[in-house]
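Participant: A predicted structure for the sequence below; I have some questions about it.
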Amino acid sequence: MYLPEKNRIALISVTGDPAVEIGKEEAGGQNVYVREVGFALARLGWQVDMFARRSSPDDPAIVQHFPNCRTIRLTAGPAKFIHRDEVFVYLPEFVRKFLAFQQREGFEYSLVHTNYWLSSWVGIKLRKHQSLIHLHTYHSLGAIKYRTTNNLPPIASTRLATEKACLETADRIIATSPQEAGHMRRLVSAKGAIEIVPCGTDIDRFGGVKREEARQQLGIAPDAKVVFYVGRFDPRKGIETLVRAVAKSSLRGEANLQLMIGGGSRAGQSDGIERDRIEGIVNKLGLSDITTFLGQLGNPNLHLYYAAADVCVIPSHYEPFGLVTLEAMASGIPVVASKVGGLQFTVVPEVTGLLVPPKDEEAFATAIDRILANPEWANQLGQTGRQRVEIAFSWDSVGATLSALYTKLLTQPASVSVRTPQVAA
Ligand code: UDP
(Lines give C-alpha, C1' and ligand atoms only; values in the text may rest on other atoms or scores of the structure.)
Protein backbone atom coordinates (compact mmCIF):
# COMPACT_ATOMS: atom_id res chain seq x y z
CA MET A 1 0.00 0.00 0.00
CA TYR A 2 1.17 3.51 -0.72
CA LEU A 3 1.66 6.01 2.02
CA PRO A 4 -0.88 8.82 2.14
CA GLU A 5 0.61 12.23 1.50
CA LYS A 6 -0.47 14.78 4.03
CA ASN A 7 -1.04 17.80 1.82
CA ARG A 8 -2.43 15.98 -1.22
CA ILE A 9 -6.16 16.38 -1.39
CA ALA A 10 -8.82 15.38 -3.88
CA LEU A 11 -11.95 17.37 -4.62
CA ILE A 12 -14.38 14.95 -6.23
CA SER A 13 -17.19 16.31 -8.36
CA VAL A 14 -18.35 13.50 -10.65
CA THR A 15 -21.01 15.62 -12.37
CA GLY A 16 -19.61 19.13 -11.89
CA ASP A 17 -16.43 19.40 -13.94
CA PRO A 18 -14.51 22.45 -12.64
CA ALA A 19 -12.71 22.98 -15.96
CA VAL A 20 -15.74 23.22 -18.29
CA GLU A 21 -17.46 26.36 -19.53
CA ILE A 22 -20.09 27.40 -17.01
CA GLY A 23 -23.67 28.06 -18.06
CA LYS A 24 -24.34 25.24 -20.48
CA GLU A 25 -26.35 22.10 -19.80
CA GLU A 26 -26.02 21.32 -16.08
CA ALA A 27 -22.85 23.38 -15.45
CA GLY A 28 -23.47 25.99 -12.76
CA GLY A 29 -22.74 26.75 -9.16
CA GLN A 30 -21.24 23.35 -8.28
CA ASN A 31 -18.62 23.65 -11.03
CA VAL A 32 -17.74 27.20 -9.95
CA TYR A 33 -17.56 26.16 -6.29
CA VAL A 34 -15.22 23.24 -6.89
CA ARG A 35 -12.95 25.25 -9.18
CA GLU A 36 -12.74 28.30 -6.88
CA VAL A 37 -12.30 26.24 -3.71
CA GLY A 38 -9.61 24.19 -5.50
CA PHE A 39 -7.79 27.29 -6.69
CA ALA A 40 -7.99 28.97 -3.27
CA LEU A 41 -6.63 25.85 -1.54
CA ALA A 42 -3.83 25.58 -4.11
CA ARG A 43 -2.89 29.21 -3.40
CA LEU A 44 -2.54 28.18 0.23
CA GLY A 45 -0.06 25.45 -0.71
CA TRP A 46 -2.22 22.30 -0.90
CA GLN A 47 -1.60 19.83 -3.75
CA VAL A 48 -5.08 19.87 -5.21
CA ASP A 49 -6.50 17.37 -7.70
CA MET A 50 -10.10 17.91 -8.81
CA PHE A 51 -11.82 14.81 -10.22
CA ALA A 52 -14.78 14.74 -12.59
CA ARG A 53 -16.35 12.24 -14.98
CA ARG A 54 -15.19 12.74 -18.54
CA SER A 55 -18.27 13.96 -20.41
CA SER A 56 -16.85 14.77 -23.83
CA PRO A 57 -14.27 12.96 -25.99
CA ASP A 58 -12.77 16.37 -26.82
CA ASP A 59 -11.98 17.19 -23.19
CA PRO A 60 -8.37 16.47 -22.21
CA ALA A 61 -7.94 13.85 -19.47
CA ILE A 62 -5.85 16.23 -17.37
CA VAL A 63 -5.94 20.02 -17.20
CA GLN A 64 -2.99 21.52 -15.34
CA HIS A 65 -4.27 24.81 -13.87
CA PHE A 66 -1.21 25.57 -11.70
CA PRO A 67 1.83 23.45 -10.81
CA ASN A 68 -0.06 22.23 -7.73
CA CYS A 69 -3.61 22.15 -9.08
CA ARG A 70 -5.19 20.09 -11.85
CA THR A 71 -8.50 18.75 -13.07
CA ILE A 72 -8.48 15.01 -13.75
CA ARG A 73 -11.23 13.52 -15.88
CA LEU A 74 -11.86 9.84 -15.31
CA THR A 75 -13.55 7.77 -17.98
CA ALA A 76 -16.56 6.16 -16.34
CA GLY A 77 -19.33 5.39 -18.78
CA PRO A 78 -19.59 7.00 -22.22
CA ALA A 79 -17.62 10.23 -22.74
CA LYS A 80 -20.72 12.33 -23.38
CA PHE A 81 -23.17 14.41 -21.38
CA ILE A 82 -25.34 12.16 -19.20
CA HIS A 83 -28.14 13.56 -17.06
CA ARG A 84 -27.33 13.43 -13.34
CA ASP A 85 -30.17 11.02 -12.64
CA GLU A 86 -28.55 8.48 -14.99
CA VAL A 87 -24.96 8.65 -13.72
CA PHE A 88 -25.19 6.35 -10.67
CA VAL A 89 -24.57 3.12 -12.62
CA TYR A 90 -21.15 4.41 -13.68
CA LEU A 91 -19.94 5.18 -10.17
CA PRO A 92 -18.30 1.77 -9.45
CA GLU A 93 -16.19 2.33 -12.56
CA PHE A 94 -15.36 5.84 -11.35
CA VAL A 95 -14.15 4.40 -8.02
CA ARG A 96 -12.01 1.81 -9.84
CA LYS A 97 -10.49 4.47 -12.08
CA PHE A 98 -9.76 6.68 -9.08
CA LEU A 99 -7.98 3.84 -7.27
CA ALA A 100 -6.03 2.97 -10.45
CA PHE A 101 -5.03 6.62 -10.85
CA GLN A 102 -3.62 6.69 -7.30
CA GLN A 103 -1.72 3.49 -7.97
CA ARG A 104 -0.19 4.86 -11.17
CA GLU A 105 0.80 8.10 -9.46
CA GLY A 106 2.23 6.23 -6.48
CA PHE A 107 0.35 7.94 -3.64
CA GLU A 108 -2.95 7.97 -1.82
CA TYR A 109 -4.94 11.08 -1.00
CA SER A 110 -5.27 11.64 2.71
CA LEU A 111 -8.43 13.70 2.35
CA VAL A 112 -11.28 13.81 -0.14
CA HIS A 113 -13.90 16.53 -0.30
CA THR A 114 -16.87 15.29 -2.32
CA ASN A 115 -19.55 17.39 -4.02
CA TYR A 116 -23.19 16.45 -4.71
CA TRP A 117 -24.65 13.13 -3.62
CA LEU A 118 -23.19 11.05 -6.46
CA SER A 119 -19.68 11.97 -5.37
CA SER A 120 -20.53 11.30 -1.73
CA TRP A 121 -21.24 7.68 -2.74
CA VAL A 122 -17.73 7.58 -4.24
CA GLY A 123 -16.28 9.00 -1.00
CA ILE A 124 -18.09 6.40 1.09
CA LYS A 125 -16.76 3.59 -1.14
CA LEU A 126 -13.19 4.93 -1.17
CA ARG A 127 -13.15 4.75 2.61
CA LYS A 128 -13.54 1.00 2.37
CA HIS A 129 -10.25 0.86 0.43
CA GLN A 130 -8.06 3.34 2.27
CA SER A 131 -7.81 5.49 5.33
CA LEU A 132 -8.94 9.01 4.54
CA ILE A 133 -10.73 12.03 5.87
CA HIS A 134 -14.04 12.58 4.09
CA LEU A 135 -15.76 15.96 3.79
CA HIS A 136 -18.87 16.61 1.74
CA THR A 137 -20.81 19.56 0.30
CA TYR A 138 -24.32 18.66 -0.88
CA HIS A 139 -25.09 21.55 -3.30
CA SER A 140 -28.66 20.24 -3.45
CA LEU A 141 -30.70 17.96 -1.19
CA GLY A 142 -32.96 15.25 -2.55
CA ALA A 143 -35.14 15.68 0.54
CA ILE A 144 -35.94 19.22 -0.60
CA LYS A 145 -36.01 18.66 -4.32
CA TYR A 146 -38.39 15.72 -4.13
CA ARG A 147 -40.88 17.64 -1.95
CA THR A 148 -41.96 19.51 -5.06
CA THR A 149 -41.38 16.82 -7.69
CA ASN A 150 -44.47 14.96 -8.88
CA ASN A 151 -42.82 12.04 -10.63
CA LEU A 152 -39.85 10.87 -8.60
CA PRO A 153 -37.03 9.47 -10.73
CA PRO A 154 -36.17 5.79 -10.14
CA ILE A 155 -32.90 6.91 -8.49
CA ALA A 156 -34.73 8.89 -5.76
CA SER A 157 -34.60 6.28 -2.98
CA THR A 158 -30.89 5.57 -3.61
CA ARG A 159 -30.15 9.30 -3.49
CA LEU A 160 -32.04 9.81 -0.22
CA ALA A 161 -30.34 6.81 1.41
CA THR A 162 -26.90 7.93 0.24
CA GLU A 163 -27.45 11.49 1.48
CA LYS A 164 -28.42 10.14 4.89
CA ALA A 165 -25.48 7.73 5.08
CA CYS A 166 -23.08 10.50 4.08
CA LEU A 167 -24.38 12.96 6.68
CA GLU A 168 -24.07 10.32 9.38
CA THR A 169 -20.61 9.02 8.47
CA ALA A 170 -18.50 11.76 6.87
CA ASP A 171 -15.91 13.50 9.03
CA ARG A 172 -17.51 16.83 8.17
CA ILE A 173 -20.43 18.04 6.15
CA ILE A 174 -19.97 21.54 4.78
CA ALA A 175 -23.24 23.47 4.80
CA THR A 176 -23.02 26.67 2.79
CA SER A 177 -25.67 28.49 4.81
CA PRO A 178 -27.36 28.10 8.22
CA GLN A 179 -30.60 27.46 6.33
CA GLU A 180 -29.05 24.51 4.48
CA ALA A 181 -27.68 23.14 7.77
CA GLY A 182 -31.16 23.38 9.30
CA HIS A 183 -32.69 21.48 6.40
CA MET A 184 -30.08 18.72 6.71
CA ARG A 185 -30.90 18.31 10.39
CA ARG A 186 -34.66 18.38 9.96
CA LEU A 187 -34.99 16.45 6.71
CA VAL A 188 -31.98 14.14 6.46
CA SER A 189 -30.65 13.09 9.87
CA ALA A 190 -30.11 14.31 13.42
CA LYS A 191 -26.69 12.62 13.42
CA GLY A 192 -23.43 13.78 11.87
CA ALA A 193 -20.98 16.68 12.08
CA ILE A 194 -21.98 19.79 10.16
CA GLU A 195 -19.89 22.92 9.78
CA ILE A 196 -21.11 26.10 8.07
CA VAL A 197 -18.66 27.52 5.52
CA PRO A 198 -20.35 29.88 3.04
CA CYS A 199 -19.55 30.13 -0.67
CA GLY A 200 -17.54 33.04 -1.97
CA THR A 201 -17.19 35.16 -5.06
CA ASP A 202 -14.47 36.89 -7.07
CA ILE A 203 -14.54 40.41 -5.67
CA ASP A 204 -12.02 41.71 -8.22
CA ARG A 205 -13.83 40.37 -11.28
CA PHE A 206 -17.30 41.40 -10.10
CA GLY A 207 -17.45 45.08 -9.24
CA GLY A 208 -14.37 46.10 -11.18
CA VAL A 209 -16.14 48.10 -13.90
CA LYS A 210 -18.44 51.14 -13.82
CA ARG A 211 -22.01 50.93 -15.07
CA GLU A 212 -21.59 53.59 -17.82
CA GLU A 213 -18.51 51.86 -19.18
CA ALA A 214 -20.18 48.43 -19.09
CA ARG A 215 -23.23 49.78 -20.93
CA GLN A 216 -21.05 51.40 -23.53
CA GLN A 217 -19.15 48.17 -24.12
CA LEU A 218 -22.36 46.14 -24.38
CA GLY A 219 -24.27 48.71 -26.44
CA ILE A 220 -26.99 49.21 -23.81
CA ALA A 221 -28.71 52.62 -23.84
CA PRO A 222 -27.95 54.87 -20.82
CA ASP A 223 -31.69 55.33 -20.11
CA ALA A 224 -32.58 51.60 -20.26
CA LYS A 225 -34.00 49.98 -17.12
CA VAL A 226 -32.27 46.61 -17.20
CA VAL A 227 -33.69 43.62 -15.33
CA PHE A 228 -31.07 40.86 -15.40
CA TYR A 229 -31.13 37.09 -14.79
CA VAL A 230 -28.24 34.67 -15.23
CA GLY A 231 -28.20 30.98 -14.44
CA ARG A 232 -29.06 27.52 -15.61
CA PHE A 233 -32.26 26.87 -17.52
CA ASP A 234 -34.07 24.61 -15.10
CA PRO A 235 -37.74 24.95 -14.08
CA ARG A 236 -36.66 25.18 -10.42
CA LYS A 237 -34.77 28.37 -11.21
CA GLY A 238 -38.15 30.12 -11.56
CA ILE A 239 -37.38 32.05 -14.78
CA GLU A 240 -41.09 31.78 -15.59
CA THR A 241 -41.92 33.81 -12.45
CA LEU A 242 -39.47 36.52 -13.54
CA VAL A 243 -40.93 36.72 -17.03
CA ARG A 244 -44.49 36.92 -15.71
CA ALA A 245 -43.41 39.58 -13.17
CA VAL A 246 -41.87 41.74 -15.90
CA ALA A 247 -45.11 41.42 -17.88
CA LYS A 248 -46.92 42.86 -14.84
CA SER A 249 -44.41 45.68 -14.21
CA SER A 250 -46.01 49.11 -14.01
CA LEU A 251 -43.00 50.41 -15.97
CA ARG A 252 -43.83 48.26 -18.98
CA GLY A 253 -44.50 50.48 -21.97
CA GLU A 254 -43.52 53.64 -20.08
CA ALA A 255 -39.78 53.42 -19.56
CA ASN A 256 -37.15 51.75 -21.72
CA LEU A 257 -37.59 48.46 -19.83
CA GLN A 258 -35.26 45.62 -20.89
CA LEU A 259 -35.28 42.02 -19.68
CA MET A 260 -31.92 40.30 -20.20
CA ILE A 261 -31.71 36.57 -19.59
CA GLY A 262 -28.26 34.97 -19.54
CA GLY A 263 -27.35 31.28 -19.52
CA GLY A 264 -28.44 28.21 -21.42
CA SER A 265 -26.95 26.06 -24.14
CA ARG A 266 -27.40 26.01 -27.85
CA ALA A 267 -30.61 24.44 -29.12
CA GLY A 268 -30.73 20.65 -29.00
CA GLN A 269 -28.96 20.29 -25.66
CA SER A 270 -30.55 19.05 -22.46
CA ASP A 271 -31.56 22.45 -21.07
CA GLY A 272 -33.07 23.48 -24.41
CA ILE A 273 -36.54 22.30 -23.37
CA GLU A 274 -36.76 24.84 -20.56
CA ARG A 275 -35.29 27.54 -22.74
CA ASP A 276 -37.89 26.88 -25.46
CA ARG A 277 -40.64 26.89 -22.83
CA ILE A 278 -39.50 30.25 -21.46
CA GLU A 279 -39.20 31.73 -24.96
CA GLY A 280 -42.75 30.52 -25.61
CA ILE A 281 -44.03 32.35 -22.51
CA VAL A 282 -42.11 35.51 -23.47
CA ASN A 283 -43.73 35.48 -26.91
CA LYS A 284 -47.20 34.77 -25.52
CA LEU A 285 -46.94 37.65 -23.06
CA GLY A 286 -45.84 40.02 -25.83
CA LEU A 287 -42.44 40.61 -24.25
CA SER A 288 -40.24 39.56 -27.15
CA ASP A 289 -39.42 43.16 -28.13
CA ILE A 290 -37.99 43.94 -24.68
CA THR A 291 -36.41 40.54 -23.92
CA THR A 292 -32.95 39.38 -24.95
CA PHE A 293 -31.73 35.81 -24.54
CA LEU A 294 -28.00 36.27 -24.12
CA GLY A 295 -27.02 32.59 -24.10
CA GLN A 296 -24.15 31.30 -22.06
CA LEU A 297 -22.15 34.11 -20.42
CA GLY A 298 -18.59 33.96 -19.17
CA ASN A 299 -15.38 35.80 -19.66
CA PRO A 300 -15.25 38.54 -20.89
CA ASN A 301 -18.93 39.55 -20.65
CA LEU A 302 -20.59 38.22 -17.51
CA HIS A 303 -19.19 40.90 -15.16
CA LEU A 304 -20.20 43.61 -17.66
CA TYR A 305 -23.84 42.50 -17.66
CA TYR A 306 -23.95 42.57 -13.87
CA ALA A 307 -22.40 46.06 -13.87
CA ALA A 308 -24.80 47.29 -16.55
CA ALA A 309 -27.97 45.98 -14.84
CA ASP A 310 -30.33 47.97 -12.62
CA VAL A 311 -31.52 44.92 -10.73
CA CYS A 312 -30.62 41.23 -10.69
CA VAL A 313 -33.48 38.81 -10.06
CA ILE A 314 -33.02 35.37 -8.49
CA PRO A 315 -36.49 33.79 -8.63
CA SER A 316 -35.44 30.24 -7.62
CA HIS A 317 -37.89 27.89 -5.97
CA TYR A 318 -35.04 26.82 -3.68
CA GLU A 319 -31.32 27.61 -3.32
CA PRO A 320 -28.95 26.09 -0.75
CA PHE A 321 -26.74 29.14 -1.33
CA GLY A 322 -27.03 30.95 -4.71
CA LEU A 323 -23.76 32.23 -6.19
CA VAL A 324 -25.48 34.60 -8.60
CA THR A 325 -26.72 36.61 -5.64
CA LEU A 326 -23.17 37.17 -4.40
CA GLU A 327 -21.94 38.07 -7.88
CA ALA A 328 -24.68 40.69 -8.24
CA MET A 329 -24.00 42.10 -4.77
CA ALA A 330 -20.26 42.21 -5.47
CA SER A 331 -21.09 44.11 -8.68
CA GLY A 332 -22.89 46.77 -6.63
CA ILE A 333 -26.39 46.12 -7.93
CA PRO A 334 -29.49 45.38 -5.84
CA VAL A 335 -31.12 41.96 -5.97
CA VAL A 336 -34.68 40.76 -5.82
CA ALA A 337 -34.62 37.15 -4.68
CA SER A 338 -36.96 34.42 -3.49
CA LYS A 339 -37.22 34.16 0.28
CA VAL A 340 -35.86 30.62 0.37
CA GLY A 341 -32.83 28.70 1.64
CA GLY A 342 -29.45 30.42 1.55
CA LEU A 343 -30.83 33.49 -0.22
CA GLN A 344 -32.07 34.52 3.23
CA PHE A 345 -28.49 34.32 4.45
CA THR A 346 -26.84 36.42 1.73
CA VAL A 347 -29.53 39.05 1.09
CA VAL A 348 -30.36 41.49 3.89
CA PRO A 349 -33.92 42.63 3.05
CA GLU A 350 -34.32 46.38 2.50
CA VAL A 351 -30.54 46.77 3.03
CA THR A 352 -28.90 44.91 0.11
CA GLY A 353 -32.00 43.92 -1.84
CA LEU A 354 -35.50 42.53 -1.44
CA LEU A 355 -36.81 39.06 -0.60
CA VAL A 356 -40.22 37.94 -1.81
CA PRO A 357 -42.17 34.68 -1.67
CA PRO A 358 -41.08 32.21 -4.36
CA LYS A 359 -43.31 31.80 -7.44
CA ASP A 360 -45.23 34.99 -6.49
CA GLU A 361 -45.12 36.99 -9.72
CA GLU A 362 -47.11 39.92 -8.24
CA ALA A 363 -44.63 40.26 -5.37
CA PHE A 364 -41.67 40.06 -7.77
CA ALA A 365 -43.26 42.73 -10.00
CA THR A 366 -43.79 45.07 -7.03
CA ALA A 367 -40.24 44.55 -5.75
CA ILE A 368 -38.68 45.08 -9.20
CA ASP A 369 -40.76 48.25 -9.69
CA ARG A 370 -39.78 49.62 -6.28
CA ILE A 371 -36.12 49.31 -7.20
CA LEU A 372 -36.41 50.60 -10.76
CA ALA A 373 -38.46 53.60 -9.63
CA ASN A 374 -35.90 54.68 -7.01
CA PRO A 375 -32.42 54.80 -8.56
CA GLU A 376 -30.82 56.49 -5.56
CA TRP A 377 -32.12 53.91 -3.11
CA ALA A 378 -31.19 51.16 -5.59
CA ASN A 379 -27.66 52.50 -5.66
CA GLN A 380 -27.52 52.48 -1.87
CA LEU A 381 -28.72 48.85 -1.75
CA GLY A 382 -26.05 47.94 -4.30
CA GLN A 383 -23.24 49.66 -2.42
CA THR A 384 -24.22 48.02 0.87
CA GLY A 385 -24.36 44.66 -0.92
CA ARG A 386 -20.83 45.20 -2.20
CA GLN A 387 -19.60 45.96 1.33
CA ARG A 388 -21.30 42.85 2.71
CA VAL A 389 -19.60 40.63 0.12
CA GLU A 390 -16.19 42.22 0.73
CA ILE A 391 -16.50 41.52 4.45
CA ALA A 392 -18.00 38.05 4.44
CA PHE A 393 -17.80 36.26 1.09
CA SER A 394 -14.48 36.05 -0.75
CA TRP A 395 -13.08 32.76 -2.09
CA ASP A 396 -9.85 33.41 -0.23
CA SER A 397 -11.66 33.51 3.10
CA VAL A 398 -13.61 30.35 2.15
CA GLY A 399 -10.30 28.67 1.23
CA ALA A 400 -8.67 29.75 4.49
CA THR A 401 -11.57 28.39 6.56
CA LEU A 402 -11.59 25.06 4.72
CA SER A 403 -7.80 24.84 4.91
CA ALA A 404 -7.87 25.29 8.69
CA LEU A 405 -10.59 22.64 8.97
CA TYR A 406 -8.69 20.16 6.74
CA THR A 407 -5.54 20.68 8.83
CA LYS A 408 -7.47 20.11 12.05
CA LEU A 409 -9.05 16.91 10.75
CA LEU A 410 -5.78 15.59 9.32
CA THR A 411 -3.79 16.20 12.48
CA GLN A 412 -6.18 15.03 15.13
CA PRO A 413 -5.39 11.59 16.54
CA ALA A 414 -7.54 8.81 15.08
CA SER A 415 -8.93 7.95 18.53
CA VAL A 416 -10.53 11.36 18.95
CA SER A 417 -11.48 11.73 15.30
CA VAL A 418 -15.02 13.09 15.00
CA ARG A 419 -16.45 9.85 13.63
CA THR A 420 -20.20 9.84 13.69
CA PRO A 421 -22.13 6.63 14.31
CA GLN A 422 -22.34 4.24 11.36
CA VAL A 423 -25.78 3.69 9.91
CA ALA A 424 -27.29 0.37 10.87
CA ALA A 425 -26.73 -2.30 8.24
N1 UDP B 1 -23.06 31.05 -14.81
C2 UDP B 1 -22.18 31.51 -15.77
N3 UDP B 1 -22.63 31.66 -17.05
C4 UDP B 1 -23.90 31.40 -17.41
C5 UDP B 1 -24.80 30.93 -16.42
C6 UDP B 1 -24.35 30.77 -15.12
O7 UDP B 1 -21.02 31.77 -15.50
O8 UDP B 1 -24.24 31.56 -18.57
C9 UDP B 1 -22.57 30.90 -13.42
C10 UDP B 1 -23.05 32.00 -12.50
O11 UDP B 1 -22.32 33.19 -12.74
C12 UDP B 1 -22.80 31.37 -11.14
C13 UDP B 1 -23.16 29.90 -11.41
O14 UDP B 1 -23.06 29.71 -12.82
O15 UDP B 1 -21.47 31.49 -10.76
C16 UDP B 1 -24.54 29.54 -10.91
O17 UDP B 1 -24.48 29.31 -9.54
P18 UDP B 1 -25.74 29.37 -8.56
O19 UDP B 1 -25.26 28.96 -7.21
O20 UDP B 1 -26.39 30.71 -8.63
O21 UDP B 1 -26.76 28.32 -9.16
P22 UDP B 1 -26.63 26.72 -9.40
O23 UDP B 1 -26.13 26.54 -10.78
O24 UDP B 1 -25.69 26.15 -8.35
O25 UDP B 1 -28.02 26.21 -9.24
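Facilitator: Great, that's in hand.
Participant: ok, residue 272 - how many residues close by?
Facilitator: Close neighbours of residue 272, defined as other CB atoms under 10 Å, add up to 15. (C-beta placed from N, C-alpha, C; glycine too.)
Participant: and residue 54, by the same measure?
Facilitator: Residue 54 has 21 neighbouring residues, counting by other CB under 10 Å.
Participant: which SSE is the closest residue to it other than its chain neighbours in?
Facilitator: With sequence-adjacent residues excluded and distances taken as CB to CB, 6 or more residues apart in numbering, residue 54 is closest to residue 73, at 3.9 Å. For residue 73, the host element (DSSP states H and E) is strand 69-74.
Participant: go on, residue 222?
Facilitator: Per DSSP H and E: residue 222 is located in neither a helix nor a strand.
Participant: report the contact partners of it.
Facilitator: By CB atoms under 8 Å, 6 or more residues apart in numbering, the contact set of residue 222 is 212, 215.
Participant: counting by contacts, list what the strand or helix carrying residue 327 packs against.
Facilitator: Element membership for residue 327, per DSSP H and E: helix 323-330. With contacts taken as 3 or more CB pairs under 8 Å, 6 or more residues apart in numbering; DSSP states H and E, helix 323-330 sits against helix 29-43, strand 225-230, helix 302-308, strand 311-314, strand 335-338, helix 343-346, helix 375-392.
Participant: in a markdown table, list the ones you listed along with mean neighbour count, distance to the ligand and mean pLDDT.
Facilitator: Written out in a markdown table, the entries for those read as follows (neighbours: other CB atoms under 10 Å; distance: least, CB to the nearest ligand atom, whole Å; pLDDT from 0 to 100):
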| stretch | mean neighbour count | distance to the ligand | mean pLDDT |
| --- | --- | --- | --- |
| helix 29-43 | 23 | 2 | 96 |
| strand 225-230 | 25 | 5 | 98 |
| helix 302-308 | 23 | 5 | 98 |
| strand 311-314 | 28 | 7 | 98 |
| strand 335-338 | 29 | 10 | 98 |
| helix 343-346 | 24 | 10 | 96 |
| helix 375-392 | 17 | 13 | 96 |
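Participant: can I get the ones you listed in CSV with distance to residue 134?
Facilitator: Formatted as CSV, those follow (distance: least, CB to CB, whole Å):
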stretch, distance to residue 134
helix 29-43, 16
strand 225-230, 33
helix 302-308, 33
strand 311-314, 31
strand 335-338, 32
helix 343-346, 25
helix 375-392, 27
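Participant: what's the closest of those to residue 147?
Facilitator: With CB to CB, the closest approach to residue 147 among the helices and strands packed on helix 323-330 belongs to strand 335-338: 15.1 Å.
Participant: need the residues that contact the helix or strand following the strand holding residue 73.
Facilitator: Later in the chain than strand 69-74, the nearest helix or strand by DSSP H and E is helix 91-105. Residues from elsewhere that reach helix 91-105, judged by CB under 8 Å, 6+ apart: 2, 10, 12, 14, 51, 53, 72, 74-77, 108-109, 118, 121-122, 125-126, 129.
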